[in-house]
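K.L.:
Next input, structure requested:
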Amino acid sequence: MKRNPVYSKSRRSGSPAERPVTEAVAPTHVPPAPGAESAGARDRAAAAPGGEPPLKPPRRARLRAMLARHDRVLLVLCSVLVCAMLFAAYEATRPEVRLPTQRDIDAAVKHTLVNNVFPSEESRAYARIRPSVVRVTQYDADEKGEKGEKGEKDDKNVKHQPRGVGTGVVVVDKGIILTNLHVVAGAPRIRVQFANGLESDAQVINEQPENDLAVLQAANIPDDLVPATLRSTQGLQPGDKVMAVGFPFNIGPSASSGVISGLHRNYMSQEGERVLANLIQFDAAANPGNSGGPLVTMDGQVVGIVTAILNPNEQSTFVGIGFAVPIESAAAAAGESPF
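P.N.:
Below is the predicted model of the structure:
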């Protein structure tokens, strides 16, 4: 039977009698269902020492976390992988390179030789020495030259007639020219003509009679004057190819090729006036006018200065034996030491 609360008769709120008196009721508690556990209990169990381990996060979350931690390393690995794939694709699509065989090389060489004409050794040597070769002309004074106001002969008005032609070779770009002494000996006036057509007066600045050599200095020179390349005679052998370049009979410049016939030869002029020693003997055609010109090898380098030909007859024509002064002696006459 339900009981009603009992109140005291006192109305004073502050007294204990005014407080309601209730029956003591046992607290009601509903136990959880078997196997069920609240979230708070799980948290407490996880936090409690010696409790069960927490549940693992899902696999996808773990993967994202790993990618976030190693993003730079993965980026580098992906770049290397892409490059490897591109290189493999390039190698797969690149055409195969076939190495040439000996038959291919022989066929190519044969085709080149048949369809191309190469300059000869002689033409290459001539092309190299030609800019350094000059024509040397000696002049005689004409006694019928005009007279000055006082009746005396004026040297400026004296007419000069050519009396001989020889050859020279430029050895220094300042206009130093080597030639034979007999080409310019006793000439009142000497003129030289360079490869580009420029003509200039020249003077003898040194002589070497024992080797029939003279050194000239041109008054005017071209801006692009090219000196010859000199080569020592050491190593020359009979049979080596040589070329003589000059103005034979005032025709030229002319080139003639041959071989060295001998070394250390002696030569005596027909008049017996002079003897030249230690000469180079050659069989390239040389005639009057070649004197003083260069004797060059097939690479265009000067090894001697043409000085004489053997004349067994009175015609003074070439019979197959010419002589040249070694360039060592010629260079010494010019004051040069190129070796």
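K.L.:
quick one, helices of the stretch 151-300 of the chain?
P.N.:
With helices called from DSSP state H, counting those that start in this stretch, the stretch 151-300 of the chain shows them at 181-184.
K.L.:
Can you pull out the low-pLDDT segments for the stretch 201-339 of the chain?
P.N.:
Applying pLDDT under 70 to the stretch 201-339 of the chain flags residues 269-274, 312-316, 334-339.
K.L.:
where exactly do the strands run in it?
P.N.:
213-218, 241-246, 254-268, 275-282, 294-296, 302-309, 322-326 (DSSP state E, counting those that start in this stretch).
K.L.:
Now do the third one: which elements does it pack against?
P.N.:
Strand 254-268 makes packing contacts with helix 121-129, strand 241-246, strand 275-282 when contacts are defined by 3 or more CB pairs under 8 Å, 6 or more residues apart in numbering; DSSP states H and E. Every C-beta, even on glycine, is put in place using the N, C-alpha and C of the backbone.
K.L.:
ok and that strand relative to strand 302-309, angle-wise?
P.N.:
Interaxial angle of strand 254-268 relative to strand 302-309 (axes from the mean of the first three to the mean of the last three CA atoms, to 10 degrees): 70 degrees.
K.L.:
Can you list the strands that strand 254-268 pairs with?
P.N.:
Using DSSP bridges, the strands paired with strand 254-268 are strand 241-246 (antiparallel), strand 275-282 (antiparallel).
K.L.:
how about the CA coordinates for the shortest one, as PDB?
P.N.:
It refers to strand 241-246. Extracted as PDB, the C-alpha positions of strand 241-246 are listed here (Å, rounded to 0.1, in the frame of the first residue of the first chain):
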ATOM      1  CA  LYS A 241     110.400  14.200-104.900                       C
ATOM      2  CA  VAL A 242     111.200  17.900-105.300                       C
ATOM      3  CA  MET A 243     110.000  20.800-107.400                       C
ATOM      4  CA  ALA A 244     111.800  23.800-108.900                       C
ATOM      5  CA  VAL A 245     109.700  27.000-109.300                       C
ATOM      6  CA  GLY A 246     110.900  30.000-111.300                       C
END
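K.L.:
which of the residues in stretch 184-195 are buried?
P.N.:
For stretch 184-195, a neighbour-count test (16 or more other CB atoms under 10 Å) marks 184, 187, 189-195 as buried.
K.L.:
Need the distance between the two termini of that stretch.
P.N.:
This stretch, stretch 184-195, spans 20 Å end to end (CA to CA, to the nearest Å).
K.L.:
Please apply the same query to stretch 168-186.
P.N.:
Length of stretch 168-186, first residue to last, CA to CA: 17 Å.
K.L.:
Give me the distance between that stretch and the centre of its chain.
P.N.:
Distance of stretch 168-186 from its chain centroid, counting by CA atoms, centre = their mean, to the nearest Å, is 34 Å.
K.L.:
next one: stretch 185-193
P.N.:
With CA atoms, centre = their mean, you get 43 Å for stretch 185-193.
K.L.:
residues near residue 281, how many?
P.N.:
Residues near residue 281, counting by other CB atoms under 10 Å, number 17.
K.L.:
Against residue 206, how distant is it?
P.N.:
According to CB to CB, to the nearest Å, residue 281 and residue 206 sit 26 Å apart.
K.L.:
Where does residue 89 fall, secondary structure wise?
P.N.:
Using DSSP states H and E, residue 89 sits within helix 71-93.
K.L.:
packing partners for that helix?
P.N.:
Using 3+ CB pairs under 8 Å, 6+ apart, helix 71-93 is in contact with no helix or strand.
K.L.:
can I assume residue 278 is in contact with residue 326?
P.N.:
Yes: counting by CB atoms under 8 Å, residue 326 is a contact partner of residue 278 at 6.4 Å.
K.L.:
between these two, which one's more packed in?
P.N.:
The residue with more neighbours, out of residue 278 and residue 326, is residue 326; 22 against 14, by other CB under 10 Å.
K.L.:
and the nearest residue to the more buried one once chain neighbours are set aside, what is it in contact with?
P.N.:
Among residues not flanking residue 326 along the chain, residue 233 sits closest, at 4.8 Å (CB to CB, 6 or more residues apart in numbering). When the contact criterion is CB atoms under 8 Å, 6 or more residues apart in numbering, the partners of residue 233 are 263, 280, 303-304, 326-328.
K.L.:
thinking again about what came up before, looking at the buried residues of stretch 184-195, which gets the smallest pLDDT?
P.N.:
The lowest pLDDT within the buried residues of stretch 184-195 belongs to residue 187, with 88.
K.L.:
That one against residue 163, yeah?
P.N.:
Yes: at 7.5 Å, residue 187 and residue 163 qualify as touching, with contact defined as CB under 8 Å.
K.L.:
Find residues that contact each of the two.
P.N.:
138-140.
K.L.:
Return the members of those classed as buried.
P.N.:
Buried residues within the shared contacts of residue 187 and residue 163, defined by neighbour count using 16+ other CB under 10 Å: 138-139.
K.L.:
Which of the shared contacts of residue 187 and residue 163 fall in strands?
P.N.:
Among those, the ones falling in strands (DSSP state E) are 138-140.
K.L.:
what does the model give residue 161 for pLDDT?
P.N.:
On pLDDT, residue 161 comes in at 67.
K.L.:
Also the one 10 residues further on?
P.N.:
The predicted structure scores residue 171 at 92 on the pLDDT scale.
K.L.:
residue contacts, it?
P.N.:
So residue 171 contacts 132, 177-178, 227-228, 230, 302, 330-331, 334, 336 (CB under 8 Å, 6+ apart).
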